[in-house]
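[1] Predicted model follows, preceded by the sequence.
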Amino acid sequence: MKIIGNGSILTLDENDRFITNGAILIDNGIIKEIGETEELRQKYPEAEFLNAEHRLVMPGFLNTHMHLYSTFARGMGLEGAPPKNFKEILEKLWWKLDKNLTTEEELYYSALVPLIEGIKVGTTGILDHHASFGFVDGSLDILEKAAIDAGVRSALCYETSDRCGKELRDASINENVRYIRKKKYTDTSSTLTATTFGMHASLTLSNETLEKCKKAVEDLDTGFHIHVAEGIEDVEDSLQKSGKKVVERLNDFGILGDKTLAIHCVHIDENEMDILKNTNTMVIHNPQSNMNNAVGVTPVLKFFEKGILTGLGTDGYTPSMFESAKVAYILPKLHNKDPRVGGNEIQQMLFKNNRKIFAKFFARPVGIIKEGASADIVMLDYFPPTPFNSSNAFYHLIFGMRDHMVNTTIINGKVLMKNHKLAEIDEEEVMTKSREIAKKFWEKMQNA
């Protein structure tokens, strides 16, 4: 039992309460009570006390699309001419990288590193999309171990694709099904990890594969986690295969629905937006990744006009939701040449929609401070130089808060970082080991 006390609490609850000198009682990973500091300390004198004096206390940040496996690409040089378009980026970097992930150590450390980095910047939950075509069977168990060892809430899936042949395609489908069944029917020990069914994108999925994936989930009560119209290549491929746009094609095969994550949706038209809305499909915006890959700008403002549930992710570009939010805030202003747009939408995505999306995967609420919610909480060394309240908190975040201000991170009631120091993980040891593994991995990539 713990009490976080003396803090300024940004609850992000239904009433957007901002409580000064507030306290939170945590018991068995759950927020049990919210009140005044002295009142709760007197009521529960045996509880461990965490002093949040002068600090901002708020829900941990949620990342609705991540690629943990991308870690070993950091700093990696590519031989030959640099990729000139999105398809070449996939072929020269990502598809080559994931095919060469072949060992348990590579999978484990490539996941553990960004999970640790996420703790340090207040990211308490991720929805991950994994690929390692050199190591498919059991790969999600290794990621699960990394997530549990780090203590970070994670929903995992494997990226089904035709690009490595039918044998590995079938292995990918089986890995998704195996892990979903494991979490659904046999694994009741961990509330930290959940799952869905992963698919790459329409351009690497044949009609046969789409049918197989849909059939595989018939009795599993799950949706899909799939890239949609990220690059124009996806649209061109879909038109060639079916005469239809990407969203239309996926809808024909029953891939869309209220448990499906449609990632990116950069190149979609009004009719496709209507399909997403009518099927209650969730869309995830990843601004930094889209800009880096030069694929275009997601029409986020249109999604909000249509009432499409839209969340914010990072696509493996960063573990930091601070970074993603700041870029997402600026991008529509530049794209539309209008400084008035984007603020309300990005605030909604970061503070409200991401938690609604996580609710599809985790039974207990996250991304909110209220009684009965999971105790996924961060404390920030943010000392506002101007008045601070719930109505302007988002703008304090955009213009004043930084990653390094995260002082303490708590997930599922467990203190993972306190006073900027990781509680149980030796970061230097992990990074040293990761560097050794990555060096050998780079050598393997060069010889592939």
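    Perfect, I can see it now. Numbers count the residues shown, from 1 in each chain.
[2] Tell me how many other residues surround Gly413.
    18 (other C-beta atoms under 10 Å). The way it works is simple: take the backbone N, C-alpha and C, and place the C-beta from them, glycine included.
[3] residues contacting it?
    With contact set as C-beta atoms under 8 Å, 6 or more residues apart in numbering, Gly413 has these partners: Lys2, Ile26, Asp27, Asn28, Gly29, Ile30, Ser374, Ala375.
[4] name the helices or strands packed onto the helix or strand containing Ala328?
    Assigned by DSSP states H and E, Ala328 falls within helix 321-336. Here helix 321-336 touches strand 61-66, helix 287-292, helix 300-306, strand 310-312, helix 343-348, helix 393-399, going by 3 or more C-beta pairs under 8 Å, 6 or more residues apart in numbering; DSSP states H and E.
[5] Reformat the ones you listed as CSV; add distance to His200.
    Below are the helices and strands packed on helix 321-336 laid out as CSV (distance: least, C-beta to C-beta, whole Å):
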stretch, distance to His200
strand 61-66, 13
helix 287-292, 15
helix 300-306, 22
strand 310-312, 20
helix 343-348, 27
helix 393-399, 33
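[6] Of all these, which one comes closest to Leu50?
    Closest to Leu50 of those is strand 61-66 (C-beta to C-beta; 19.1 Å).
[7] Which helix or strand lies directly C-terminal to the closest one?
    Next helix or strand after strand 61-66 toward the C-terminus (DSSP H and E): helix 86-89.
[8] Flag every buried residue along that following helix.
    For helix 86-89, the neighbour count (16 or more other C-beta atoms under 10 Å) marks Phe86, Lys87, Ile89 as buried.
[9] What pLDDT is listed against the nearest residue to Lys183 once chain neighbours are set aside?
    Counting by C-beta to C-beta, 6 or more residues apart in numbering, Lys183 lies nearest to Thr195, which is 4.8 Å off, once chain neighbours are set aside. Here the pLDDT value assigned to Thr195 is 96.
[10] cool, Phe441 as well?
    96.
[11] Give the other helices and strands that the helix or strand where it lies contacts.
    Following DSSP H and E, one finds Phe441 within helix 427-447. Where contact means 3+ C-beta pairs under 8 Å, 6+ apart, helix 427-447 is packed against helix 104-120.
[12] Can you point out the buried residues in the helix it packs on?
    By neighbour count, with 16+ other C-beta under 10 Å as the criterion, the buried positions of helix 104-120 are 106-120.
[13] Outline the domain layout of this protein.
    Domains of the chain are assigned by automatic domain parsing as 2-59+368-422, 61-358.
[14] ok, the residue nearest to Lys183 to Met66 distance?
    According to C-beta to C-beta, to the nearest Å, Thr195 and Met66 sit 14 Å apart.
[15] what's the answer for Asn389, then?
    Distance from Asn389 to Met66, counting by C-beta to C-beta: 31 Å.
[16] So between the two, which is more surrounded?
    Met66 (28 against 13).
[17] Is the more buried one bridged to anything, and to what?
    Asp128 (DSSP bridges).
[18] Now do the contacts for it.
    Contacts of Met66 by C-beta under 8 Å, 6+ apart are Pro114, Ile126, Leu127, Asp128, His129, Gly313, Thr314, Asp315, Gly316, Pro319.
[19] Just give me the closest of those to Asn6.
    Using C-beta to C-beta, those come closest to Asn6 at Pro319, 28.8 Å.
[20] residues in contact with the closest one?
    By C-beta under 8 Å, 6+ apart, the contact set of Pro319 is Asn63, Met66, Pro114, Leu115, Glu117, Gly118, Val121, Thr123.
[21] before we move on, back to that, can you lay out the domains of the chain as CSV showing distance to Arg435?
    Output for the domains of the chain, formatted as CSV (distance: least, C-beta to C-beta, whole Å):
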stretch, distance to Arg435
domain 2-59+368-422, 18
domain 61-358, 9
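[22] so where is the chain shaky, pLDDT-wise?
    186-190 (pLDDT under 70).
[23] can you rerun that using 80?
    When residues are selected by pLDDT under 80, those of the chain lie in 185-190, 448.
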